[in-house]
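K.L.:
what's the 3D shape of this:
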Amino acid sequence: MNKSQNIDKWISLEPQSTALLVIDMQVDFISPQGKAAKRGKKLFQMQSITGKVEDFAQKFTDMGLLVVYTKFVSGKAITPANLNIAVLKEGSDLPCIKGSGGEELYGLKVPPGAMLIEKPHYDAFAYTNLKKLLTNKSIKNILVTGVRTEICVDTTAKRAAAEGYNTIIVSDLVATYDDRIVRHNEVLDSFNNYYGFVIDSQGVIGLLSEAKHRKQ
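P.N.:
Now for the predicted structure:
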């Protein structure tokens, strides 16, 4: 999916006011040894984006842009009560328990200078200092990558839009379980129609380059 053709009509991706979020690329979600795999989930789509996300984040770091990685963490003294209830209602148990190893990032290296935020809920703004960090850096545009499309990516992207940021989900750098591809596409279509923009990584690079050249 690439809907970059008309984005520059609405917003300009100046590098100094644009941040990249990399959502929850963690062992329990992506690794063959993680909790999702042990529950029998098929993870090819999520595993296939790890190298691409790493390369994309490195490009952003090289350009001097703000890159923020998030890690979902859970535990008795960490997880909000309502999330515990939601997980139990689903008939599952919490992934990414702090200290288990399942909460660690998987399949990609974090570039020097990137930020790392631990979050106890799906929304990366909830219970974290993300909003303060973005405000201090004068960020206006947010690019969202990572997993899973229909949960933490969707929730964080919608919150970013609600907070007033121009928000773009990078379509080829988000993923979910292989059997959830229909839901993945529905989320991207809905977000593009009602909340922000959905374009691919090449489109993003093009928009950043255009904005940079206009400033020169």
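K.L.:
quick one: contacts for A81?
P.N.:
Listed by C-beta atoms under 8 Å, 6 or more residues apart in numbering, the contact set of A81 is empty. The way it works is simple: take the backbone N, C-alpha and C, and place the C-beta from them, glycine included.
K.L.:
Mind pulling up the pLDDT for it?
P.N.:
Here the pLDDT value assigned to A81 is 94.
K.L.:
Okay, it and V144: tell me how far apart.
P.N.:
Using C-beta to C-beta, to the nearest Å, we find A81 at a distance of 27 Å from V144.
K.L.:
what's the closest residue to R214 other than its chain neighbours sitting at in phi/psi?
P.N.:
Leaving aside its sequence neighbours, R214 sits nearest to S12 (C-beta to C-beta, 6 or more residues apart in numbering; 7.2 Å). Backbone torsions for S12, taken as degrees, to the nearest 10, come to phi -120, psi 130.
K.L.:
start at 37 instead
P.N.:
New numbering, starting at 37: the last item is S48.
K.L.:
thinking D214 is in contact with Q83, fair?
P.N.:
No - assessed by C-beta atoms under 8 Å, D214 is found out of contact with Q83, at 9.8 Å.
K.L.:
Comparing these two, which residue is more hemmed in?
P.N.:
More neighbours surround Q83 than the other of D214 and Q83, with 18 against 15 (other C-beta atoms under 10 Å).
K.L.:
would V58 count as being in a strand?
P.N.:
Yes - assessed with DSSP: H, G, I helix; E, B strand; the rest coil, V58 lies in a strand.
K.L.:
measure stretch 95-113 end to end?
P.N.:
Across stretch 95-113, the terminal residues are separated by 37 Å (C-alpha to C-alpha, to the nearest Å).
K.L.:
how many neighbours does I235 have?
P.N.:
Residues within reach of I235, counting by other C-beta under 10 Å, total 22.
K.L.:
any idea how far T54 is from it?
P.N.:
As judged by C-beta to C-beta, I235 and T54 stand 13 Å apart.
K.L.:
With G137 instead?
P.N.:
In this view, G137 and T54 are 33 Å apart by C-beta to C-beta.
K.L.:
Those two: who's more crowded?
P.N.:
Neighbour comparison, G137 and T54: the larger count goes to T54, with 26 against 13 (by other C-beta under 10 Å).
K.L.:
Report pLDDT for the nearest residue to V183 once chain neighbours are set aside.
P.N.:
Spatial nearest neighbour of V183, excluding adjacent residues (C-beta to C-beta, 6+ apart): M82 at 5.0 Å. Looking at M82, its pLDDT reads 98.
K.L.:
If anything else comes up later, I'll come back, but that's it for now.
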